[in-house]
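A.B. asks: Any chance you could fold what I've pasted below:
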Amino acid sequence: MTTTKSLNQIIRRYKDSLIDGDQKNALASINLALANGSDVKTVYKKIFTSAQREIGQMWHDGEISISHENRAAGITLEIMSRLRANFEIEDPSAPLAIVTIPKNDNHTIGARMFADFLMMEGWRVDYLTNHNINKYQIPNDDFIKYVNEIKPKLFAISVATDMAFVECNKLTDFFKSNFPHIKVIWGGPGVSRSLNTDKDIDFNQTDENFSDSVRIKSKPDFICCSNSAFESKECKSFLNRSMNHSDADSIDDTLVKIGINIKTLRISKGISQQELANMASIDRAFISTIENGKRNLSISVLHKVANSLDSNIGEFFKD
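C.D. replies: Numbering: from 1, shown residues only. Prediction:
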């Protein structure tokens, strides 16, 4: 099993190999990590991410040239391509996601990682950054026709730089205007920095972290700001729902879904938590735990909340 010490040594060896342009030694470093018991996700999250972050900082500090950084990125992308053969989805019935980057964001490693993590979770992926729909190399009409033909369930936008965050909002507006039924998820360091969040969290559109941010101009369905590389409980639940898989096997996921639906309905009616608590004769703190998926519920409580929202219990279980 790879220890923290040995993994750190592999990260240093991998980074030095990238700087030297030594693809053979870089690949040997990854093979060593795998042979020592690290899984592919650990290689992505620990080795690739750490090495590229350090190299990016070295370029920023003037220690290496942009050519060195580009060469390092090319080596990492090549090794990722080799690893992808172990988890690439070939089942034509698997749900499809489109992964892309905003205009003016040319950092493709983050987007490729985003795509690969989705594939590890059982998605097929159309990786469109090379065509870059934001620069209109694919005309809007053609892209709309393309999406209607392939029928994806998810748009995933990877944002590496702060400058690309505005374009991410614009791209999301385009997606939501033309394909309102398709979910949109954001991820990448550019998102976390732009939202100025110091919390290791992921959140849905209905969460307070979402509504409190003045920088979110569009309506993504989910935002990844945690360091868990799309493996948080919230993200897994969102992706599972987006795949149209049943959440019935997990009580926790069902409670999260109920809470999200109650909060969405409450907000849509312009009702505060306190107002809903008063209407349903329930403590406000209790309402908060319900909306956060932290409270097991009785049928009588669900009836009270549904009646107060002029709705029915069935609405709370919808995906």
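
A.B. asks: State the pLDDT value of the residue lying farthest from the centre of the chain.
C.D. replies: Farthest-out residue of the chain from its mean C-alpha position, per Cα atoms, centre = their mean: Ser281, at 37.4 Å. Looking at Ser281, its pLDDT reads 91.

A.B. asks: which residues in the stretch 151-300 of the chain form helices?
C.D. replies: 165-178, 189-194, 208-211, 233-242, 251-268, 273-280, 284-291, 299-308 (DSSP state H, counting those that start in this stretch).

A.B. asks: which residues are contacting the fourth one?
C.D. replies: The contact list for helix 233-242, computed with Cβ atoms under 8 Å, 6 or more residues apart in numbering, reads 95, 118, 121, 123, 153-154, 183, 185, 201-204, 221-222, 224, 226, 228, 230, 247, 250, 252-253, 256-257, 319. Where C-beta positions appear, they are placed from N, C-alpha and C, glycine not excepted.

A.B. asks: quick one: which of these sit in strands?
C.D. replies: In strands, judged by DSSP state E, the following of the contacts of helix 233-242 are found: Leu154, Lys183, Ile185, Asp202, Phe203, Asn204, Phe222, Cys224.

A.B. asks: Can you pick out the most distant pair from the residues you listed?
C.D. replies: Greatest spatial distance among these (Cβ to Cβ): Leu154 and Phe203, at 16.8 Å.

A.B. asks: Torsion angles phi and psi at Asn227?
C.D. replies: phi -90, psi 10 (degrees, to the nearest 10).

A.B. asks: returning to that earlier point: the residue farthest from the centre of the chain contacts His303, correct?
C.D. replies: No: using Cβ atoms under 8 Å, Ser281 makes no contact with His303, being 11.8 Å away.

A.B. asks: Figure out how far stretch 25-40 is from the centre of its chain.
C.D. replies: Averaging C-alpha positions (Cα atoms, centre = their mean, to the nearest Å) puts stretch 25-40 25 Å from its chain's average.

A.B. asks: ok, and what's touching that stretch?
C.D. replies: By Cβ under 8 Å, 6+ apart, the surrounding residues in contact with stretch 25-40 are 1-2, 6-7, 10, 13-14, 17-18, 42-43, 46-47, 75-76, 79, 82-83, 86-87, 120.

A.B. asks: 6 Å instead?
C.D. replies: Applying Cβ atoms under 6 Å, 6 or more residues apart in numbering, the external contacts of stretch 25-40 come out as Met1, Thr2, Ile10, Arg13, Tyr14, Ser17, Leu18, Val43, Ile75, Ile79, Leu83.

A.B. asks: Mind listing what's buried along that stretch?
C.D. replies: Ala26, Leu27, Ser29, Ile30, Leu32, Ala33, Leu34, Ser38, Val40 (16 or more other Cβ atoms under 10 Å).

A.B. asks: Tell me how far the fourth one lies from Gln52.
C.D. replies: When Cβ to Cβ, to the nearest Å is the yardstick, Ile30 and Gln52 sit 13 Å from each other.

A.B. asks: try Arg13
C.D. replies: The spacing between Arg13 and Gln52, counted by Cβ to Cβ, is 15 Å.

A.B. asks: can you check Glu167 too?
C.D. replies: Taking Cβ to Cβ, one finds Glu167 at 22 Å from Gln52.

A.B. asks: Same check on Thr161?
C.D. replies: For Thr161 relative to Gln52 (Cβ to Cβ), the value is 14 Å.

A.B. asks: got it, and Ile150?
C.D. replies: On the measure of Cβ to Cβ, Ile150 and Gln52 end up 30 Å apart.

A.B. asks: Next: Leu83.
C.D. replies: 15 Å.

A.B. asks: neighbour-wise, which of the two wins?
C.D. replies: Legend: neighbour count by other Cβ atoms under 10 Å for Leu83 and Gln52, higher for Gln52 (21 against 17).

A.B. asks: can you list the residues that contact the host helix or strand of the more buried one?
C.D. replies: Taking DSSP states H and E as the definition, one finds Gln52 inside helix 49-60. Contact with helix 49-60 is made by Ile11, Tyr14, Lys15, Ile64, Glu69, Ala72, Ile109, as judged by Cβ under 6 Å, 6+ apart.

A.B. asks: Please tabulate these in CSV, including the columns neighbour count.
C.D. replies: Output for the contacts of helix 49-60, formatted as CSV (neighbours: other Cβ atoms under 10 Å):
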residue, neighbour count
Ile11, 19
Tyr14, 29
Lys15, 21
Ile64, 18
Glu69, 18
Ala72, 27
Ile109, 19
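
A.B. asks: Adding pLDDT, distance to Ile216 and secondary structure, write those out as TSV.
C.D. replies: TSV is the format used below for those (pLDDT from 0 to 100; distance: Cβ to Cβ, whole Å; DSSP: H, G, I helix; E, B strand; the rest coil):
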residue	pLDDT	distance to Ile216	secondary structure
Ile11	95	33	helix
Tyr14	97	35	helix
Lys15	96	34	helix
Ile64	95	35	coil
Glu69	93	30	helix
Ala72	95	32	helix
Ile109	89	25	helix
